[in-house]
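K.L.:
Below is the sequence, then the predicted model.
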Amino acid sequence: MAIGTASSGLYNPAKPGVFISQTQNIGFGTATPQTVFHIDAAKNNNINSAPTSDQQIDDIAITSSGKMGIGIATPDTKLEVRENIDSNAITISSSDSSYKSTIGNYKDGLGRYMKLSSIWGDDGRAFAFETGDGEAMTITKKRNVGIGTTNPHPSAILELSSTTQGFLPPRMTTVQRDAIASKTQGLMIYNTSVNIMQYYNGTAWVNYN
């Protein structure tokens with residue numbers, strides 16, 4: 001069944017309105033619905049074949065198993081959001097839009113990566129990661145990272161806080177230490193061959209006395 005938008009009143013697949021396929025898929029703006037419920041917001045999908053990836057970027061689809069795709073007609077998970085590269089796919093904002101977090105896929109000279117951004121109107125926490133036992137890690141707007149503390153000191157790039165646990169650096173033998181490539185000044189390890197902390201001063205490994 002189809003409800004078209006042509007001026008003659010006949011269904012025009014090039015200008016689809018509502019379409020129900022033989023498999024009972026319902027399409028809005030598309031004559032080729034790929035799932036039980038498929039919206040083509042830009043009305044640019046192929047008339048007689050499945051839409052291309054570029055055509056799906058403005059689509060919304062719900063599958064028979066309850067999976068929802070935004071920007072993709074065949075989602076693999078309960079919710080899959082696809083957007084063009086170097087674009088934010090998801091935004092979570094407050095009612096006045098002054099507090100906003102975004103998630104997107106980007107690409108630079110090092111390759112592709114996921115970008116999670118937080119835009120707040122104050123200098124407090126930008127990100128808070130929680131486990132079942134409470135907040136585990138905090139990142140402030142000034143890029144101070146705190147583990148075990150919700151308020152890392154502003155002079156510290158990283159603050160670890162605990163009264164029951166310690167800091168455990170990488171542990172390795174002398175042979176493994178010497179196999180580290182492209183060592184940088186200040187690199188630190190615990191040498192299990194001699195049971196001592198060591199750091200690299202730019203030319204040699206030095207023991208912590």
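P.N.:
Sure, I can see it. Numbering: from 1, shown residues only.
K.L.:
going forward, measure contacts between C-alpha atoms and count neighbours the same way
P.N.:
Fine.
K.L.:
Can I get stretch 191-205 as CSV, trimmed to CA atoms?
P.N.:
The C-alpha coordinates for stretch 191-205 follow below in CSV (Å, rounded to 0.1, in the frame of the first residue of the first chain):
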residue,chain,number,x,y,z
ASN,A,191,63.1,-3.4,37.7
THR,A,192,62.4,-6.9,39.0
SER,A,193,65.9,-8.1,38.2
VAL,A,194,67.4,-5.8,40.9
ASN,A,195,64.2,-5.0,42.8
ILE,A,196,64.4,-1.2,42.5
MET,A,197,62.6,1.7,40.9
GLN,A,198,64.4,3.2,38.0
TYR,A,199,63.9,6.2,35.7
TYR,A,200,65.5,7.2,32.3
ASN,A,201,67.4,10.5,32.4
GLY,A,202,67.7,10.8,28.7
THR,A,203,70.9,8.8,28.3
ALA,A,204,70.8,6.0,30.9
TRP,A,205,68.6,4.3,33.5
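K.L.:
What residues of that stretch count as buried?
P.N.:
Across stretch 191-205, burial judged by 16 or more other C-alpha atoms under 10 Å covers 191, 197-200, 205.
K.L.:
ok, now stretch 72-81?
P.N.:
72-75, 80-81.
K.L.:
now swap in stretch 22-37 and tell me
P.N.:
Neighbour-count burial for stretch 22-37 flags 25-37 (criterion: 16+ other C-alpha under 10 Å).
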